[in-house]
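> Structure of the sequence below:
(2 chains)
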Number of protein chains: 2
Amino acid sequence: MINIAVLGYGTVGSGVVEVIKTNQDIVNKKAGEDINIKYVLDLREFPGDPVMDILVHDYDVILNDPEVEIVAEVMGGVNPAYQFVKAALEKGKSVCTSNKELVAKHGPELIEIAKKNNRNFFFEASVGGGIPIIRPLIQCITADDVTHITGILNGTTNYILTKMCKEGLDFDTVLKEAQDLGYAERNPSADVDGFDACRKIAILTSLAYGKHVDFEDIYTEGITKITDTDFKYANSIGCSVKLFGEATKVDGNIYASVAPVMISGDNPLFSVNGVFNGILVNGNVLGDVMFYGSGAGKLPTASAVVSDIVDAVKNLNTNIAIEWTDEKLELADYKTSEKKFFVRVNGTVADKLSEVESAFGKVEVITLDELKDEFAFITEVMSENKYEEAAAKVDGIVTRIRMGN
Amino acid sequence: MINIAVLGYGTVGSGVVEVIKTNQDIVNKKAGEDINIKYVLDLREFPGDPVMDILVHDYDVILNDPEVEIVAEVMGGVNPAYQFVKAALEKGKSVCTSNKELVAKHGPELIEIAKKNNRNFFFEASVGGGIPIIRPLIQCITADDVTHITGILNGTTNYILTKMCKEGLDFDTVLKEAQDLGYAERNPSADVDGFDACRKIAILTSLAYGKHVDFEDIYTEGITKITDTDFKYANSIGCSVKLFGEATKVDGNIYASVAPVMISGDNPLFSVNGVFNGILVNGNVLGDVMFYGSGAGKLPTASAVVSDIVDAVKNLNTNIAIEWTDEKLELADYKTSEKKFFVRVNGTVADKLSEVESAFGKVEVITLDELKDEFAFITEVMSENKYEEAAAKVDGIVTRIRMGN
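A predicted model of the protein is given here:
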């Protein structure tokens, strides 16, 4: 029998308890050992909940119990999760976590401590919820030069953008609805400003290239400026707008960003809708592969944590190597990255197009019958710097959205 | 340095050589060792090809060379691949293969021999080409009761069906075009009759449930009877037809099949088009996850083989457990499996509907303006047996296609 402890009895923590209980026989069989939840740590009480029998408020009880072999950290946030996880690994316990903030900030150090202690630090649930993406990236896609990772990594923003796209609603209306449904937090900034996706693409980029990407280096733009009018234009040309976390390798330079991107129906991520996540990985010999599923939610995320626990049991005294050193990965200057831009501008095509083309060069014009006093255009491929230079020369630009493939 | 041998210098074999050569630095780094191709086995000569320097015609040279630690078997077919692979494992060499016939037929035995010899038998490329699906299934989705696996597992048939769907062409025309483009074999039976998909779903089902599925037990129906008229009906209701390999667990019974299935745009596999493959796995707590990418092709398949080689190097003296015993998995009788059916029948709705409904119960009628002397209907959910009973009571049934979700 293998004893584990669950740190945090919130959404994911209660999910972990539920998944193990629901699928106890399967989990035991896959692990090759009976898995027993010996403790759940939470500051709160849960009167009437069976968890009360194993609830502890003092982490030292878990830390100092040599029978606890594996700790599932599902509290979220960097502190005290970082101190708890580090202490567990140093005590020779393996740790499985769903905590993207923790992994993005302290991943290399915790991987190294696990290695030194011949234990494991697993974090499949930290990106893409229940979608297997961490192991495929580090164990399966190992024959390739990874040239591109594009992810819809945040279910809340994808839900909002999908609703705006399909129902013509504006951002504020859909955000409120998402909040009422529990899909968005009362303070939605971590999602809608792209901070959540930023940590996740930082983790994926670090794993793809084996060095540490500081998430603070990643250009991050949220979806708060996307409007129902933008979607009218997008729909008119068979496109949608998605919040992408992206890493791209061009001529040896690695770019990383989080930003809304307009994509056409040809992109496999186009049909990733609602709260689902999708991650497209391109390798130089593999081509495109995509991973799709529930990127959040109690049970899917808990399923990934429990799968990590199973793997930790199977490798109790064997460190599974994860190549992610603390050597910093210097990202290329985002302003030099190149793409097409979708741009909306006030005025009529007749009055304005020559001004636009003298700044941007040849563009593709999009007009909507219902909008008489503005139009949109799509530029040729240009750098962010060149875009800014050109945009400064044109009066009345309303907005710009980057174009994807 | 780790020496490997490649058995077969056909499409995948030459791909393996090319991938290792192209990405040698990355592959060495991920493996933690320099990987050297010491031999390529093929009966043919390749004058002028650099492979001539390492080409051998006699397998014993490879088998008896203790320096060869890993063998990549990419010849295809059961014999002599089976004898070669078995002998290599017994000599203490790890084997990586793309050979679905071999794995479907002899998987459990070869896994067992690898285990006894503390070596590995890996076969990521045998299903889904370059798409990571074997490792995700056995290493990631371990906390779930797998309730459903649905795969578009054959690129050739998916190419044909996609062309028929989008361009309104008939089967024979598209098959010929696919043959001319090299997407289909001159003898297309293995693809169009579903035999290839059958072996692949046999492998996935065996891995999901840990016991051996005999592919000969799987109900297998190809796409040769699907017509352009079927697609006219499908398109009229926002549906398409895909060749699915499926495994379903219902009340503890496991069903497996290969058959064309009509699906709507809500199904994540709807947008898996052309030569691409997609595999949707549903777990009782995880929900749906989908894996998508190039299911065949020289370089994507070779990428998966080389990833296996990297993993074999990383685990040179450690057997990675794969739960797939030779205990037979008894599939439930396919005739008892339940679904809706799309049925075309000669006659007019006015003349025929009462006969249809007295046999099938309430149905949903579909008519096409251009077809005056036939119509189609979709039944309620019923078993295959019940369908056959009802169909026997109605004259003039043209065809039936199973409906998916």
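
> okay, CA-based contacts and neighbour counts for the rest of this
Will do.

> Can you tell me the number of residues neighbouring residue A:18?
Residue A:18: 17 surrounding residues under other CA atoms under 10 Å in any protein chain shown.

> Let me see the contact set for the nearest residue to residue A:367 once chain neighbours are set aside.
In space, and not counting its chain neighbours, residue A:367 is closest to residue A:375: 5.1 Å by CA to CA, 6 or more residues apart in numbering or on different chains. Residue A:375 is in contact with A:344, A:345, A:346, A:347, A:348, A:349, A:365, A:366, A:367, A:368, counting by CA atoms under 8 Å, 6 or more residues apart in numbering or on different chains.

> Only the buried subset of those, as a PyMOL command please.
The PyMOL command for the buried members of these (criterion: 16 or more other CA atoms under 10 Å in any protein chain shown) is given here:
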select buried, chain A and resi 344+345+346+347+349+366+367
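
> of the contacts of residue A:375, closest to residue B:291?
When the contacts of residue A:375 are ranked by distance to residue B:291 (CA to CA), residue A:366 comes first, at 35.1 Å.

> which ones are touching residue A:111?
Taking CA under 8 Å, 6+ apart, we find residue A:111 in contact with A:120, A:121, A:322, A:324.

> who wins for most neighbours among those?
Compared across those, residue A:120 has the highest neighbour count, 33 neighbours, by other CA under 10 Å.

> Can you pull the phi and psi angles for it?
phi -120, psi 150 (degrees, to the nearest 10).

> and if you look at residue A:365?
Per-residue torsions, residue A:365: phi -90, psi 140 (degrees, to the nearest 10).

> Just confirm it contacts residue A:380, I think it does.
No - using CA atoms under 8 Å, residue A:365 is not in contact with residue A:380; the gap is 11.6 Å.

> And residue A:109, how close does it get to chain B?
Here residue A:109 is placed at a distance of 20 Å from chain B (CA to the nearest CA, to the nearest Å).

> again, but for residue A:16
10 Å.

> likewise residue A:175?
Residue A:175 sits at a distance of 24 Å from chain B (criterion: CA to the nearest CA).

> taking the contacts of residue A:375 one by one, which sit in helices?
residue A:349 (DSSP state H).

> got JSON lines for the contacts of residue A:375, with pLDDT too?
Putting the contacts of residue A:375 into JSON lines (pLDDT from 0 to 100) gives the following:
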{"residue": "A:344", "pLDDT": "98"}
{"residue": "A:345", "pLDDT": "98"}
{"residue": "A:346", "pLDDT": "98"}
{"residue": "A:347", "pLDDT": "97"}
{"residue": "A:348", "pLDDT": "97"}
{"residue": "A:349", "pLDDT": "97"}
{"residue": "A:365", "pLDDT": "98"}
{"residue": "A:366", "pLDDT": "98"}
{"residue": "A:367", "pLDDT": "98"}
{"residue": "A:368", "pLDDT": "97"}
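
> The residue nearest to residue A:367 is in what secondary structure piece?
Using DSSP states H and E, residue A:375 sits within strand A:374-378.

> mind exporting that strand as CSV, just the C-alpha atoms?
Output of strand A:374-378 as CSV, limited to C-alpha atoms (Å, rounded to 0.1, in the frame of the first residue of the first chain):
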residue,chain,number,x,y,z
GLU,A,374,-15.0,52.3,-41.0
PHE,A,375,-13.4,49.4,-42.8
ALA,A,376,-10.7,46.8,-42.1
PHE,A,377,-7.7,45.5,-43.9
ILE,A,378,-5.1,42.8,-43.6
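
> Which neighbouring elements make contact with the following helix or strand past that strand?
Once the chain leaves strand A:374-378, the next helix or strand it forms, by DSSP H and E, is strand A:382-383. Here strand A:382-383 touches strand A:338-339, going by 3 or more CA pairs under 8 Å, 6 or more residues apart in numbering or on different chains; DSSP states H and E.

> Name every strand pairing with the strand it packs on and say which way it goes.
Using DSSP bridges, the strands paired with strand A:338-339 are strand A:382-383 (antiparallel).

> Which residues does the partner strand contact?
Residues from elsewhere that reach strand A:382-383, judged by CA under 8 Å, 6+ apart: A:335, A:336, A:337, A:338, A:339, A:340.

> could you redo those residues as a markdown table and give each row pLDDT and neighbour count?
Converted to a markdown table, these look like this (pLDDT from 0 to 100; neighbours: other CA atoms under 10 Å in any protein chain shown):
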| residue | pLDDT | neighbour count |
| --- | --- | --- |
| A:335 | 98 | 14 |
| A:336 | 98 | 13 |
| A:337 | 97 | 20 |
| A:338 | 97 | 17 |
| A:339 | 98 | 17 |
| A:340 | 98 | 20 |
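
> Show only the entries of the contacts of residue A:375 found in strands.
Residues of those located in strands (DSSP state E): A:344, A:345, A:346, A:365, A:366.

> Which residue is the nearest non-sequential neighbour of the third one?
The shortest distance from residue A:346 to any non-neighbouring residue, by CA to CA, 6+ apart, is to residue A:374 (4.3 Å).

> Residue A:343 is in contact with the one you found, correct?
No - Residue A:374 is beyond contact range of residue A:343, at 10.6 Å (criterion: CA under 8 Å).

> Comparing these two, which residue is more hemmed in?
Neighbour count, other CA under 10 Å: between residue A:374 and residue A:343, residue A:343 has more, with 22 against 19.

> mind listing what that one touches?
Counting by CA under 8 Å, 6+ apart, residue A:343 touches A:376, A:377, A:378, A:379, A:397, A:398, A:399, A:400, A:401.
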